[in-house]
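Enquirer: Quick one, what's the 3D model for this:
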Amino acid sequence: MYNESPIIRRPSTRIYVGNVPIGDGAPIAVQSMTNTKTTDVAATVAQIHALEKVGADIVRVSVPTMDAAEAFRLIKQQVTVPLVADIHFDYRIALKVAEYGADCLRINPGNIGNEERIRSVVECARDKNIPIRIGVNGGSLEKDLMDKYREPTPEALLESAMRHVDILDRLNFDQFKVSVKASDVFLAVESYRLLAKQIKQPLHLGITEAGGMRSGSVKSAVGLGMLLAEGIGDTLRISLAADPVEEIKVGFDILKSLRIRSRGINFIACPSCSRQEFDVISTVNELERRLEDVTTAMDVSIIGCVVNGPGEALVSHIGLTGSHGKSGYYDDGIRQKERFDNNNIVDSLEAKIRAKASMMANRIDISDTTE
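Expert: Below is the predicted model of the structure:
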């Protein structure tokens, strides 16, 4: 509740993806990518709206064909969140979606083609005043780099990135961000560390193809957590073989755990033991489900007994400490006379949390208008 993040972020330049600032101290943007067929406009728009609902700052959309580019135009007309057009192989698709209002162009150095093609994309981006992401991936490095290094290495990913950074520098184009993703945590982390020392542009973080919901979340939390704790990173995507909505939730949870950026409730809950005076696990699970719509950043501690409960409650916006029959309730670290019946904890606590969140949100709104 009172702990500010000690992380000092790496200085970087500022770009904008639509209306979202990236770099130079801006909040770390959380993004995802649609997994629908882009040509299925209705399904893609529905998924983008679902991502917006859980807080996505930016959404990436794959545009593999000219038909998909035409669909992108229709999709862009129906959403408000900034869209990154994901381009591979055919640079002409990048030119087309730029005309259709893409907020950023992602190009892959491993397959976008020669410098002349990149020049065409850069000039189009300059004309439309949109940024580019140089998206290096360990699974699709240039053939000459694979011949040189034999396998993806941090040095290979760095060389691929710098090759294209140099091209953009020669073209006097500085509105770009860079990523050097890999599916191996240590490969990705070391690649980003090397890149962070070489350029001043914003970095987009990700552990690519991280895996399913559980394993991918853990892998991403470990890898991105290492980088974020070092101050590296300006935007991120959690790559999961799961519903893209979960990518946004996990992304915010990682930022929340490092006190970098908070959205919604940070639940502090004990794993429970025989000392618990109420069912902690079912209580927390049900509250998380019910309160997903709360966006106010706040800490809620739910502890099943008096061993650690009072201490955690002291540093929480709302705290609950298990006691026999009725449990103690804390507000901003102060114990209240009111106690909660252990048989009706979820309903009672939900009401208190919602009221507190509303009050905190109003306080923030008032502060914003008086500054």
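Enquirer: so which helix or strand takes in residue 267?
Expert: Applying DSSP states H and E as the criterion places residue 267 in strand 265-269.
Enquirer: That strand packs against which elements?
Expert: helix 280-290, strand 298-303 (3 or more Cβ pairs under 8 Å, 6 or more residues apart in numbering; DSSP states H and E). (Each C-beta comes from the backbone N, C-alpha and C, glycine too.)
Enquirer: how far off strand 298-303 does the first one point, in degrees?
Expert: In other words, helix 280-290. 160 degrees (axes from the mean of the first three to the mean of the last three Cα atoms, to 10 degrees).
Enquirer: What residues of helix 280-290 count as buried?
Expert: The neighbour-count check on helix 280-290 (16 or more other Cβ atoms under 10 Å) flags 280, 283, 284, 286, 287 as buried.
Enquirer: I'd say the fourth one and residue 347 touch.
Expert: Think residue 286. No. Using Cβ atoms under 8 Å, residue 286 is not in contact with residue 347, being 9.7 Å away.
Enquirer: how does this protein divide up, domain by domain?
Expert: Domain segmentation of the chain under automatic domain parsing yields 15-257, 265-370.
Enquirer: Strands of the stretch 101-250 of the chain, residue ranges please.
Expert: Per DSSP state E, counting those that start in this stretch, the stretch 101-250 of the chain carries strands over the ranges 104-107, 132-137, 176-181, 204-205, 235-237.
Enquirer: Okay, helices next: where are they in the stretch 51-200 of the chain?
Expert: Using DSSP state H, counting those that start in this stretch, the helices found in the stretch 51-200 of the chain span residues 66-76, 91-99, 115-128, 143-149, 154-170, 185-198.
Enquirer: Output these in TSV, with mean neighbour count and mean pLDDT appended to each entry.
Expert: Below are these laid out as TSV (neighbours: other Cβ atoms under 10 Å; pLDDT from 0 to 100):
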stretch	mean neighbour count	mean pLDDT
helix 66-76	19	98
helix 91-99	21	96
helix 115-128	17	94
helix 143-149	13	95
helix 154-170	19	96
helix 185-198	20	98
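Enquirer: of all the ones you listed, which lies closest to residue 33?
Expert: For residue 33, the closest of the helices of the stretch 51-200 of the chain is helix 66-76, at 13.1 Å, according to Cβ to Cβ.
Enquirer: Please name every helix or strand in contact with the closest one.
Expert: Counting contacts by 3+ Cβ pairs under 8 Å, 6+ apart, helix 66-76 packs against helix 41-53, strand 58-62, strand 83-87, helix 91-99.
Enquirer: what's the closest of the helices and strands packed on strand 265-269 to residue 245?
Expert: Between residue 245 and the helices and strands packed on strand 265-269, the tightest spacing by Cβ to Cβ is seen for helix 280-290, at 13.9 Å.
Enquirer: Show me what that closest one packs onto, helices and strands only.
Expert: For helix 280-290, the packing partners by 3+ Cβ pairs under 8 Å, 6+ apart come out as strand 265-269, strand 298-303, helix 345-370.
Enquirer: Quick one: work out the angle between it and helix 345-370.
Expert: In terms of direction (the same axes, to 10 degrees), helix 280-290 departs from helix 345-370 by 40 degrees.
Enquirer: between helix 280-290 and strand 265-269, how big is the angle?
Expert: Counting by the same axes, to 10 degrees, helix 280-290 points 170 degrees away from the direction of strand 265-269.
Enquirer: And helix 280-290, how far out from the chain middle?
Expert: Counting by Cα atoms, centre = their mean, to the nearest Å, helix 280-290 is centred 24 Å from the centre of its parent chain.
Enquirer: Let's see that helix as PDB, backbone CA atoms only.
Expert: Below are the C-alpha coordinates for helix 280-290, written out as PDB (Å, rounded to 0.1, in the frame of the first residue of the first chain):
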ATOM      1  CA  VAL A 280      -9.400 -18.600   2.500                       C
ATOM      2  CA  ILE A 281      -8.900 -20.300  -0.900                       C
ATOM      3  CA  SER A 282     -12.600 -20.300  -1.900                       C
ATOM      4  CA  THR A 283     -13.000 -16.700  -0.600                       C
ATOM      5  CA  VAL A 284     -10.100 -15.400  -2.600                       C
ATOM      6  CA  ASN A 285     -11.100 -17.200  -5.800                       C
ATOM      7  CA  GLU A 286     -14.600 -15.900  -5.600                       C
ATOM      8  CA  LEU A 287     -13.600 -12.400  -4.900                       C
ATOM      9  CA  GLU A 288     -11.100 -12.400  -7.800                       C
ATOM     10  CA  ARG A 289     -13.900 -13.600 -10.100                       C
ATOM     11  CA  ARG A 290     -16.500 -11.000  -8.800                       C
END
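Enquirer: circling back: hey, which of the helices and strands packed on helix 280-290 is tucked in deepest?
Expert: strand 298-303 (a mean of 24; mean count of other Cβ atoms under 10 Å).
Enquirer: can you list contacts of that strand?
Expert: Under the criterion Cβ atoms under 8 Å, 6 or more residues apart in numbering, residues 1, 265-270, 280, 283-284, 287, 309, 312-313, 315-322, 330, 349, 353, 356-357, 360 lie in contact with strand 298-303.
Enquirer: would CSV of the buried residues of helix 280-290 with pLDDT be doable?
Expert: CSV is the format used below for these (pLDDT from 0 to 100):
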residue, pLDDT
280, 96
283, 96
284, 97
286, 97
287, 97
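Enquirer: Which of those residues sits closest to residue 153?
Expert: Comparing these against residue 153 with Cβ to Cβ places residue 284 closest, at 42.6 Å.
Enquirer: these two touch, right, that closest one and residue 270?
Expert: No. Using Cβ under 8 Å, residue 284 is not in contact with residue 270; the gap is 9.2 Å.
Enquirer: Please identify which helix or strand holds residue 327.
Expert: Element membership of residue 327 [criterion: DSSP H and E] is strand 326-331.
Enquirer: need the helix or strand of this protein with the lowest average pLDDT.
Expert: helix 345-370 (a mean of 82; mean pLDDT, DSSP states H and E).
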